[in-house]
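**Student:** Below are the sequence and a predicted model; questions follow.
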Amino acid sequence: MDTIMRGTHVSGAVPESTVNPYRPWPARITSIMDLTPQEKLFELRLIDSDAREAFDFSAGQFVELSVFGVGEAPISISSAPSKQGFIELCVRNAGDVTGALHRKQCGDIVGLRGPFGRGFPFEEMKGHDVLLVAGGLGIAPLKSLINHIHDDRHDFGKVTILYGAKKPDEVLFRYQFDMWQHRDDFDLMLTVDQPDDTWEGEVGLVTRLFDKIDVDPENTYGAICGPPVMYKYVIAEMRKKAMDVDRIYVSFERRMKCGIGKCGHCGVGHQYACVDGPVFNYWEAMNLQEAI
Ligand SMILES: Cc1cc2nc3c(=O)[nH]c(=O)nc-3n(C[C@H](O)[C@H](O)[C@H](O)COP(=O)(O)OP(=O)(O)OC[C@H]3O[C@@H](n4cnc5c(N)ncnc54)[C@H](O)[C@@H]3O)c2cc1C
Ligand code: FES
């Protein structure tokens, strides 16, 4: 059981040859929240209680979500590993599977495989400052990390979150950001490219926010997730702040099928994003062809 839920990258009590890593586990949708016109937040609970208990993940990992009769799609886990018994997925209505999921109701059953891949190095980050930079839907995996840090806040130094969206109505998790913006243990800055009359915050690309922050380069870990075009520019800003390439972590989306290193769909250079990533440190990514 343990092995099935954790994927092939973690060994468990059950020999790998005896389990079927392609078999999805039924999960019930227990809550659905509209975040924007395109994105919804789904809370899911595995129906099998042993599987639910064995489900253990790290921030930055993903699941393969099945809508039965339609197909599967890789989706990052948005909830924190410190919250057990359920997972949250923030899903954009982008095509067949995600569109079918958006038509589901509370109580409906979907399938889950995973968790898969390598997440952010949470334990290594402890004791340090953390600078998290998200663009658009990239906040979905970073929210898991932010909430995990929140639940272990005394183990971290300064936590800075920079988040950019295209428009004010595309800012995800607004309710949570409104809360965090009033706390003094998180420095949170939001920016949008195209403001409307209601927007009172920063305007421009997320990289512009770097002028407003101080970074202690010797003591800071960076985590980046967003659209592919963003990485090059955000990494350049982190390097301008003299951050070490070895302490900058990036999460890559590649087209995936199996999620377990078998089908070859998700190659990044000589590695597979599904098992060697989706989180890579920038030092590794620099040596991978076409990674950034
Ligand atoms: C590790 C990982 C984590 C992800 N996390 C999330 C998440 O948290 N929330 C979320 O909403 N989505 C996430 N995605 C993206 C999601 O898996 C894709 O949008 C997926 O294609 C949706 O399936 P679909 O059947 O609904 O869309 P499809 O019908 O397969 O495709 C819709 C459109 O997206 C294009 N497309 C498909 N896959 C990709 C890709 N990887 N990159 C660029 N374009 C693509 C297709 O060509 C098509 O134009 C993640 C992807 C990966 C690899
Ligand atoms: S998705 Fe099949 S090898 Fe990565």
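**Tutor:** Structure's in. What do you need? Ligands and ions are numbered 1, 2, ... in the order given.
**Student:** neighbours around Arg153, how many?
**Tutor:** As a burial measure, Arg153 scores 12 neighbours (other Cβ atoms under 10 Å). For every residue, glycine as well, the C-beta is placed using N, CA and C.
**Student:** Quick one, grab the pLDDT at the residue nearest to it when sequence neighbours are not counted.
**Tutor:** By the measure of Cβ to Cβ, 6 or more residues apart in numbering, the closest residue to Arg153 outside its immediate chain neighbours is Asp185, 5.8 Å from it. We have a pLDDT of 83 for Asp185.
**Student:** what about the residue of the chain found nearest ligand 1, distance to Gly135?
**Tutor:** Going by Cβ to the nearest ligand atom, ligand 1 is nearest to Gly95 of the chain, at 2.2 Å. In this view, Gly95 and Gly135 are 20 Å apart by Cβ to Cβ, to the nearest Å.
**Student:** after the helix or strand of the chain with the lowest mean pLDDT, next one along is what?
**Tutor:** Ranked by mean pLDDT, DSSP states H and E, the helix or strand of the chain with the weakest confidence is helix 2-6, at a mean of 41. Later in the chain than helix 2-6, the nearest helix or strand by DSSP states H and E is strand 25-34.
**Student:** Quick one: check whatever helix or strand comes next after that next one for contact with ligand 1.
**Tutor:** Downstream of strand 25-34, the next assigned helix or strand under DSSP H and E is strand 39-46. No. Using Cβ under 6 Å from any ligand atom, strand 39-46 never reaches ligand 1; the gap is at least 6.9 Å.
**Student:** Sheet-wise, list the partners of strand 39-46 with their directions.
**Tutor:** Strands adjacent to strand 39-46 in the sheet, as given by DSSP bridges, are strand 25-34 (antiparallel), strand 87-92 (antiparallel).
**Student:** rewinding a little: quick one: which of Gly95 and Gly135 has more around it?
**Tutor:** Set Gly95 next to Gly135 and count neighbours by other Cβ under 10 Å: Gly135 wins out with 27 against 11.
**Student:** I'd say Lys158 and Asp129 touch.
**Tutor:** Yes. Counting by Cβ atoms under 8 Å, Lys158 does reach Asp129; the two are 4.3 Å apart.
**Student:** which residues do these two both contact?
**Tutor:** Asp216 (Cβ atoms under 8 Å, 6 or more residues apart in numbering).
**Student:** tell me, how many neighbours does Asp196 end up with?
**Tutor:** By other Cβ under 10 Å, 9 other residues sit near Asp196.
**Student:** Tell me where the stretch 101-250 of the chain has helices.
**Tutor:** Counting by DSSP state H, counting those that start in this stretch, the stretch 101-250 of the chain has helices at residues 122-125, 139-151, 174-180, 228-240.
**Student:** deepest of the ones you listed, which one?
**Tutor:** For the helices of the stretch 101-250 of the chain, average neighbour numbers computed from mean count of other Cβ atoms under 10 Å are highest in helix 139-151, which has a mean of 24.
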